[in-house]
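> Provided below for reference: sequence and predicted model.
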Amino acid sequence: MIDDVATDSSTSSEKNRPSSSTRRTRRVRMTGKERREQLLDIGRTLFADKGFEGTSVEEIASRAGVSKPVVYEHFGGKEGLYAVVVDREMRQLLDMVTSALTAGHPRELLEQAAFALLDYIETYTDGFRILVRDSPVAQSTGTFASLISDIATQVEDILGLEFKARGFDPKLAPLYAQALVGMVALTGQWWVNARKPKKSEVAAHLVNLAWHGLENLEAKPRLIGHRKS
């Protein structure tokens, strides 16, 4: 009787166990485009978590369920995969910021720019973590610093018009644009981990500092310390 039960149990186990042919049937073969996107998604997650140096081709391939040559076939190696990931994130951030600058009033433009960066950080957290790391390879859109410079150029034109209207030297607009965008970007680097206060409060405080600082701007700023040069 015991043997019969054991035999039945074994038979039941065998019946419930998928055959090798069934397992092969369940594995969906990806197109080249689908495989490329899968590798990019996996690489993006690993680069955000471990950084470039801490991520290996072996781990990328293992998570994708493919051999290492497949990664090399699509990207030429880890560097190529990383470059595509960074390039995509930079374009995404730049597009979000530039498309947000639609209002006519300067203060609202500051709000839109602050929200655009914070929206990106909130929605594409992994991408932002990758961007703020030192990049070991060149991208077509440059580095995070050059991306911030590109965004500052968008703000520069707006500031130049405001400076001219208020009697300030418009040639100084690039300096102030870099300072304003840099302030928002560095605050974003802090907020990506802190996440407090909430996004709208962070944006309000950034605009408060920037706007009231600009509102009380001295036409000829002076130094009050002992150092003058």
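Good, I have the coordinates.
> What residues sit buried inside whichever strand or helix holds Phe128?
Following DSSP states H and E, one finds Phe128 within helix 125-131. Buried residues in helix 125-131, counted by 16 or more other CB atoms under 10 Å: 126-131. For every residue, glycine as well, the C-beta is placed using N, CA and C.
> model confidence over it, on average?
The pLDDT scores in helix 125-131 average 91.
> Report the mean confidence score over stretch 47-62.
95.
> Show me which residues of it are buried.
Within stretch 47-62, the residues that count as buried by 16+ other CB under 10 Å are 47-48, 52, 55, 57, 60-61.
> Kindly report the same for stretch 80-93.
Quick answer for stretch 80-93 (16+ other CB under 10 Å): 81-86, 88-90, 92-93.
> Kindly report the same for stretch 69-78.
So stretch 69-78, judged by 16+ other CB under 10 Å, has buried residues 70-71, 74-75, 78.
> Which ones among those lie within helices?
The helices, defined by DSSP state H, take in 70-71, 74-75, 78 from those.
> Could you tell me which of the buried residues of stretch 80-93 belong to helices?
Those of the buried residues of stretch 80-93 lying in helices (DSSP H): 81-86, 88-90, 92-93.
> Mind giving me the packing neighbours of the host helix or strand of Arg44?
Per DSSP H and E: Arg44 is located in helix 32-54. With contacts defined as 3 or more CB pairs under 8 Å, 6 or more residues apart in numbering; DSSP states H and E, helix 32-54 has these neighbours: helix 57-64, helix 68-75, helix 78-100, helix 125-131.
> Could you figure out how far it is turned away from helix 78-100?
100 degrees (axes from the mean of the first three to the mean of the last three CA atoms, to 10 degrees).
> Give me the distance from stretch 91-105 to the chain's centre.
15 Å (CA atoms, centre = their mean, to the nearest Å).
> circling back: who's in contact with the helix holding Arg44?
30, 55, 59-60, 63-64, 66, 70-71, 74-75, 78, 81-82, 84-85, 88, 125-127, 129-130, 133, 135-137 (CB atoms under 8 Å, 6 or more residues apart in numbering).
> swap the cut-off to 6 Å and go again
For helix 32-54, the surrounding residues in contact (CB atoms under 6 Å, 6 or more residues apart in numbering) are 55, 60, 63-64, 74, 81-82, 85, 126, 129-130, 133, 136.
> Need the residues that contact the helix holding Phe128.
44, 47-48, 89, 121, 144, 192.
> repeat that for 10 Å
Helix 125-131 has contacts (CB atoms under 10 Å, 6 or more residues apart in numbering) with 41, 43-49, 51-52, 82, 85-86, 88-90, 92-93, 117, 120-122, 124, 143-144, 147-148, 185, 188-189, 191-193, 195.
> picking up where we left off before, quick one, which of the helices and strands packed on helix 32-54 gets closest to Ala203.
Nearest of the helices and strands packed on helix 32-54 to Ala203, taken as CB to CB: helix 78-100 at 11.5 Å.
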